[in-house]
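Chemist: Quick one, structure for this:
(2 chains)
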Amino acid sequence: MNPLLPDEALELRATAAKAFAALGGVDLARSAEDDPTVRAKEVAPVLAELGLDDLDPWADPVSLAAAAAVCEAAGRVALPYPVAGFLVRDADGRPTAVVPNGLARVDHGDLFEQWRVVRADGAASVVAATGPALGSRLGPFVADLHVLDDSVAPAHLDALLHLTLSAWSVLGTVDRAVELAVEHVNGRVQFGKPIASFQAVQFQLADSAVAVAGLRELAGFTLWRLGADPDRARPDVLALRLHALEVARSVLRTCQQLHGAAGVCDEYDISVLTRMVQPALRLPWSTERTATALADAIRVDGFDGLFPHAQAAS
Amino acid sequence: MDFDLGEQATALRIRLRDLIATHIAEDYLGAFTTDPADLDVAQRFCATLAEDGLLTIAWPTEFGGGGGSVWDQTVVREEMWAHHEPRGAQYMGLNWVGPAIMAYGSDDQKRQHLPAIAAGRVIWCQGFSEPEAGSDLASLRTRAVVDGDGWRITGQKIWTSYAAMAQWCILAARVGEGTRHEGITMFVVPMDSPGITVRPIRSMLGAHHLNEVFFDDVLAAPAALLGEVGGGWSVIRTALAHERVGIARYARCERLLSALGAALAPHWEDLPASLHTQWARALVQVRVARLLAYRTVHAQATGEVPDVAASAARIAVTQCDQAVAEVLFDAVGHESLDAGAHAPLHGAIEDHWRYAQAATVASGTIEVQRMIVSKALLAGGRV
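Modeler: Have a look, this model is predicted:
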């Protein structure tokens, strides 16, 4: 029993964090909104330097953990790049995204000529961007794609991998959000003292930090299940996605609130992080749809956990 | 990264389930019911575990234990709680009274108490909380003064679990004029000492659980002193260190949620869809709570002192306990008001809900845990 990421993954996470900071950290997301070409011009070369072009998460447990660790680092700065999708490539090198049934809407969908998209039932298609990205405040890089080829092999396991890595990215975002809130409440003085001295503030932070710690443990456990027994990991992955969405909703709300009005201003990282993570929270399925899918999956595959309760005595 | 507890843990778990299946009735709801036979079941089961070397599996071998790991202890804790704690009131003696005596007791105290605990023969209660000293334990007022060779103890304890059935009490009292942590001193006294009065407190937790204990000029022998005069706070910290993770409440939650479908069949499919998703969410919450507890155990296993992580785990575990109680009640609907053998899952769901109401208070309130977590967080630490 060892819940910690392997050292190689931790090292890659640290290296990636430095590289993303050198690109400007959250400022890069701000500048990408004005000039989306920075994604290909500035981010892609850095990812190549980090070795992501050659990283196959399915190769072995360390590679899987390394992929997760990079996604976490990307989530911490709202890196304007579909790192999870880029790490789950098909045989022809296309990135992968899980999409809702009947719609191929993908964050950064405009960034590649072609994508492989996978639906809930595992059916896959090759798609290409129909037009420019939405350019909206909550989905600046989200693009709708059209089908080029429906006759590609199903990709259940790659879909699970993409969902898992996306959750790791969300983990990075919420972990950073709590750090930002801590920095803010320690520095913000009202009524003559830092607002961190108010217990109502302290308790909200404590609950948020515990929620993030729990998500981190679940993300690690799910990664392990996915690597060790991928064919039975569907309920585990859906559980992780559901939990990531619920933790994000509550933690981001709290951390914005603790920033006061600054929480909705893009000068502050918390606002940018909250906006940029929205596509990951709404695509391919939002919270209640994920919960329904999870309940259905448990009915089919069970939810044994760490030791099956039905495994009784001999 | 590996979440497999290993073959040894699996074998231990299966062995414990075998023993429980053999000795404990399926509808057993613990020792603290209105039926005195339930306490007898627990006492016999402790003796059975002791005979098999399982009762003190995690104690060091020099004190007659099995020298097991914190993971062995975790497996025992989970299986016992999942099956309504068939050790009854004795888990406290095993988990921390014994280890505190190992750490602070004299040779005579070790000889007197440790074999009795290991054999499953003795019930201990813990005299910590007082009417004016709950979360703020260091404000306790019970006093011990020198009387001849020994001590005279006067004061009142409250919320004392199992006091009515305990043979021994480990209690914290103040010696001298010190304030706060100064002067707090630990004693071990027989519960049949003249001057001790136990008054049961009626509560929703069940019969024989919570009590007030009055100490009116109780004379204690010199040997009643555990550790040094004024050294009680260290003993308390040691005691709590042995129970950082606390009760494995998530294990019973998981068992009841897993059994719910079969219990409600054939009506399970007729439940509103929102209940199915709430049930799924509860299973996820249970998994998260368990993983946070395991993180603490892993830290202990590698020699760390995971205070903050333990508080985080307790927050998650106790909230999970109460959330699951509500999901189970929602699922069984009006039958939640039934109790006993004819209620859903032999009354286990109703029993769980009542017991869960104290989860965020017992052994340190959730507010205290939040204070510990936020203090670390604001000082730049991680949770």
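
Chemist: Residue in the stretch 51-200 of chain A with the shortest distance to chain B?
Modeler: Using Cβ to the nearest Cβ, the closest approach of the stretch 51-200 of chain A to chain B is made by A:Ala196 at 5.1 Å. C-betas here are computed from N, CA, C, even on glycine.

Chemist: What count of nearby residues applies to residue 208?
Modeler: No chain specified, so I'll use chain A. 27 (other Cβ atoms under 10 Å in any protein chain shown).

Chemist: That was the other one, I meant chain B.
Modeler: 20.

Chemist: The closest residue to it other than its chain neighbours: what's it in contact with?
Modeler: Nearest non-adjacent residue to B:His208, counting by Cβ to Cβ, 6 or more residues apart in numbering or on different chains: B:Phe32, 5.0 Å away. Listed by Cβ atoms under 8 Å, 6 or more residues apart in numbering or on different chains, the contact set of B:Phe32 reads B:38-39, B:88-89, B:162, B:205-209.

Chemist: Would the helix or strand where B:Ser274 lies count as contacting chain A?
Modeler: Applying DSSP states H and E as the criterion places B:Ser274 in helix B:273-301. Yes. For helix B:273-301, a contact with chain A is found by Cβ under 8 Å from any Cβ of the partner chain, at B:273, B:276-277, B:279-281, B:283-284, B:286-292, B:294-295, B:298, B:301.

Chemist: buried ones in that helix?
Modeler: Going by neighbour count (16 or more other Cβ atoms under 10 Å in any protein chain shown), the buried part of helix B:273-301 is B:275-300.

Chemist: Next: stretch A:223-241.
Modeler: Neighbour counts over stretch A:223-241 (16+ other Cβ under 10 Å) mark A:223-227, A:230, A:233-241 as buried.

Chemist: same question, stretch A:192-200
Modeler: By neighbour count with 16+ other Cβ under 10 Å, stretch A:192-200 contains the buried residues A:194-196.

Chemist: Could you report the neighbour count for B:Asp136?
Modeler: Counted by other Cβ under 10 Å, the residues lying close to B:Asp136 total 11.

Chemist: for it, what are its contacts?
Modeler: Applying Cβ under 8 Å, 6+ apart, no residues contact B:Asp136.

Chemist: For B:Pro200, see how far away it is.
Modeler: Distance, B:Asp136 to B:Pro200, using Cβ to Cβ, to the nearest Å: 25 Å.

Chemist: residue contacts, residue 212?
Modeler: All of this refers to chain A. By Cβ under 8 Å, 6+ apart, A:Val212 lies in contact with A:171, A:174-175, A:178, A:247, A:251, B:383.

Chemist: other chain: chain B
Modeler: Neighbouring residues of B:Glu212 by Cβ under 8 Å, 6+ apart: B:156-158, B:160, B:198-199, B:201.

Chemist: I'd like to know the beta-bridge partner residues of it.
Modeler: Going by DSSP bridges, B:Glu212 is paired in beta bridges with B:Arg199.

Chemist: since we're on the one residue in the stretch 51-200 of chain B that gets nearest to chain A, how many residues are nearby?
Modeler: Nearest residue of the stretch 51-200 of chain B to chain A, counting by Cβ to the nearest Cβ: B:Trp71, 6.5 Å away. Counted with other Cβ under 10 Å, residues neighbouring B:Trp71 total 20.

Chemist: so who does it touch?
Modeler: With contact taken as Cβ under 8 Å, 6+ apart, B:Trp71 is in contact with A:1, B:5-6, B:9, B:297, B:301.

Chemist: Which PyMOL command selects the buried ones in the contacts of B:Phe32?
Modeler: In PyMOL syntax, the buried subset of the contacts of B:Phe32 is picked out as below (16+ other Cβ under 10 Å):
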select buried, chain B and resi 38+39+88+89+162+205+206+207+208+209
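
Chemist: could the contacts of B:Phe32 be laid out in TSV, adding pLDDT and secondary structure?
Modeler: Formatted as TSV, those follow (pLDDT from 0 to 100; DSSP: H, G, I helix; E, B strand; the rest coil):
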residue	pLDDT	secondary structure
B:Asp38	93	helix
B:Leu39	93	helix
B:Gly88	92	helix
B:Ala89	90	helix
B:Tyr162	91	coil
B:Leu205	88	coil
B:Gly206	80	coil
B:Ala207	74	coil
B:His208	73	coil
B:His209	84	coil
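
Chemist: Between the contacts of B:Phe32, which sits nearest B:Cys253?
Modeler: When the contacts of B:Phe32 are ranked by distance to B:Cys253 (Cβ to Cβ), B:Leu205 comes first, at 17.0 Å.

Chemist: so what's the closest one up against?
Modeler: Going by Cβ under 8 Å, 6+ apart, B:Leu205 touches B:32, B:354-355, B:357-358.

Chemist: Buried subset of these as a ChimeraX selection?
Modeler: Per 16+ other Cβ under 10 Å, the buried members of those correspond to this ChimeraX selection:
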select /B:32,355,358
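
Chemist: Out of the contacts of B:Leu205, which one has the lowest pLDDT?
Modeler: On pLDDT alone, B:Phe32 ranks lowest of the contacts of B:Leu205, at 87.

Chemist: part of a strand, is it?
Modeler: No. Using DSSP: H, G, I helix; E, B strand; the rest coil, the secondary structure at B:Phe32 is coil, not a strand.

Chemist: Tell me the helix or strand right after the longest helix anywhere in chain A.
Modeler: Ranked by number of residues, the top helix in chain A under DSSP state H is helix A:156-187. For helix A:156-187, the following helix or strand on the C-terminal side (DSSP H and E) is strand A:189-190.

Chemist: How far off centre is that next one?
Modeler: Put simply, strand A:189-190 sits 34 Å off its chain's centre (Cα atoms, centre = their mean, to the nearest Å).

Chemist: partners of that strand in the sheet?
Modeler: Sheet pairing for strand A:189-190, assigned by DSSP bridges, gives strand A:193-194 (antiparallel).

Chemist: ok, residues contacting the strand it pairs with?
Modeler: Residues outside strand A:193-194 that contact it (Cβ under 8 Å, 6+ apart): A:185-188.

Chemist: quick one: which of the contacts of B:Glu212 sit in strands?
Modeler: B:156-157, B:198-199 (DSSP state E).

Chemist: So how do I select the buried members of those residues in ChimeraX?
Modeler: A single ChimeraX command selects the buried members of the ones in strands among the contacts of B:Glu212 (16+ other Cβ under 10 Å):
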select /B:156,157,198
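
Chemist: A:Val277: which of the ones in strands among the contacts of B:Glu212 is nearest?
Modeler: Set against A:Val277, the nearest of the ones in strands among the contacts of B:Glu212 by Cβ to Cβ is B:Lys157 (50.6 Å).

Chemist: No further queries at this time; thank you.
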